[in-house]
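A.B. asks: pasting the structure only:
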C-alpha cells in the first residue's frame with residue numbers, strides 16, 4: 001500500500017471516530033436538557049453570633065417580634081447582673097403586650113439576691129417561674145419557632161447559635177416541657193423534706209454522689225460551686241452522724257433517704 005493511500009485511510013478512520021464521538025456528545029447533551037432539574041433545597045435556618053453585644057442585639061430583635069410566648073432555661077444559679085439588666089426592659093415590654101413568659105431557674109438561684117429578686121419581680125408581673133435542682137442547658141425559644149442556644153454551654157458570653165430548623169426546635173421544646181413538668185413553682189423560702197429534713201438540693205446532691213459522681217460533676221449538674229458541694233455534704237454527714245462519705249451513704253440507704 002502506498003503512503004498516500006495509507007494516509008488517506010488513516011484520516012478516514014479518524015473522521016469516522018470523530019463523528020462517532022460528536023454523535024455521542026450530542027446525545028448526552030440532549031439527555032441532560034430533557035432530564036428533570038435536580039431537587040435543590042437550600043435552608044437558611046442557622047445563624048451564628050459572636051460576642052455578648054451581638055447576642056444582646058439579636059435577642060432584643062427577637063423579643064420585639066415574639067407573638068405568643070418565650071420559654072427560657074436559665075441554669076447555673078446566679079445570673080449575671082448584666083444579663084438581668086438587659087432582660088428587664090425586654091420582659092417588661094413582652095408582658096405589657098400579653099406575651100407568656102416561662103422561666104426555668106436552678107434551685108441555687110435562691111442564694112443569689114439579684115437573681116432571686118428578679119424572679120420574684122417576674123412572677124409578680126405575671127410571668128411563670130419554676131425551679132429545679134437539675135436543668136437542661138441554657139436555651140431561649142421564641143414562639144416555638146426560633147431557638148437560641150450558647151456556642152459554649154459553660155460560657156454563654158462567647159456566642160450563640162440561632163436555629164429555625166423545625167426538627168431541632170421541636171426537640172428543644174420537648175426537652176423544655178419535660179424539665180418544666182419536673183420543676184416546681186417558685187416560692188419564697190426554702191423548704192425541707194418532712195421525712196429526712198434535707199433541703200431539695202441536699203437530697204439531690206446525696207443522690208448524685210451515691211451514683212458515683214465526683215464533687216466537680218455534681219457541682220456542675222446542680223449549678224453550684226465546689227465549696228458549696230463540700231459544705232452541703234459536711235452538713236449531711238453531720239446530720240447522719242457519719243464520719244466518712246461511705247458511712248453517710250450507708251446510713252442514708254438504711255434510712256431510705258435514697
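C.D. replies: That came in fine, so what should we check first? Every value quoted in this text rests on a predicted model; they were computed, and no experiment measured them.

A.B. asks: where do the strands sit along the stretch 51-200 of the chain?
C.D. replies: Using DSSP state E, counting those that start in this stretch, the strands of the stretch 51-200 of the chain run over 69-74, 100-106, 128-132, 139-142, 146-150, 159-163, 184-185.

A.B. asks: Tell me which strands the shortest one pairs with, and in which orientation.
C.D. replies: When you say that, I think you mean strand 184-185. Here strand 184-185 is paired, per DSSP bridges, with strand 128-132 (antiparallel).

A.B. asks: again, but for the fifth one
C.D. replies: In the sheet containing strand 146-150, its partner strands are strand 139-142 (antiparallel), strand 159-163 (antiparallel), by DSSP bridges.

A.B. asks: List the contacts of that strand.
C.D. replies: 55, 58-59, 62, 137-142, 156, 158-164, 168-169, 172-173 (C-beta atoms under 8 Å, 6 or more residues apart in numbering). C-beta here means a position set from N, CA and C on the backbone, and glycine is covered the same way.

A.B. asks: go with 10 Å
C.D. replies: With contacts defined as C-beta atoms under 10 Å, 6 or more residues apart in numbering, strand 146-150 is touched by 45, 47, 49, 55, 58-59, 62, 65-66, 70-73, 136-142, 156-165, 168-173, 176.

A.B. asks: can you list the weak-confidence ranges in this protein?
C.D. replies: Residue ranges of the chain with pLDDT under 70: 1-44, 188-197, 258.

A.B. asks: Please tell me how far residue 96 sits from residue 127.
C.D. replies: According to C-beta to C-beta, to the nearest Å, residue 96 stands 12 Å off from residue 127.

A.B. asks: Report the contact partners of residue 145.
C.D. replies: Counting by C-beta under 10 Å, 6+ apart, residue 145 touches 66, 67, 68, 163, 164, 166, 169, 170, 173.

A.B. asks: which of the contacts of strand 146-150 count as buried?
C.D. replies: 49, 55, 59, 62, 66, 70-73, 136, 138-142, 156, 159-160, 162-163, 169, 172-173, 176 (16 or more other C-beta atoms under 10 Å).

A.B. asks: Residue 51: what's it in contact with?
C.D. replies: By C-beta under 10 Å, 6+ apart, the neighbours of residue 51 are 57, 157, 158, 159, 160.

A.B. asks: what's the answer for residue 230, then?
C.D. replies: Residue 230 touches 215, 219, counting by C-beta under 10 Å, 6+ apart.

A.B. asks: re the thing from before, now the strands paired with strand 146-150 in CSV, with distance to residue 238?
C.D. replies: Formatted as CSV, the strands paired with strand 146-150 follow (distance: least, C-beta to C-beta, whole Å):
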stretch, distance to residue 238
strand 139-142, 38
strand 159-163, 43
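
A.B. asks: For residue 181, find the nearest of those strands.
C.D. replies: strand 139-142 (15.7 Å; C-beta to C-beta).

A.B. asks: Dump the strands of the stretch 51-200 of the chain to JSON lines, plus distance to residue 242.
C.D. replies: Listed next are the strands of the stretch 51-200 of the chain as JSON lines, based on distance: least, C-beta to C-beta, whole Å:
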{"stretch": "strand 69-74", "distance to residue 242": "34"}
{"stretch": "strand 100-106", "distance to residue 242": "27"}
{"stretch": "strand 128-132", "distance to residue 242": "27"}
{"stretch": "strand 139-142", "distance to residue 242": "39"}
{"stretch": "strand 146-150", "distance to residue 242": "39"}
{"stretch": "strand 159-163", "distance to residue 242": "44"}
{"stretch": "strand 184-185", "distance to residue 242": "29"}
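
A.B. asks: so which of these gets nearest residue 250?
C.D. replies: Residue 250 sits nearest to strand 128-132 of all those, at 28.0 Å, using C-beta to C-beta.
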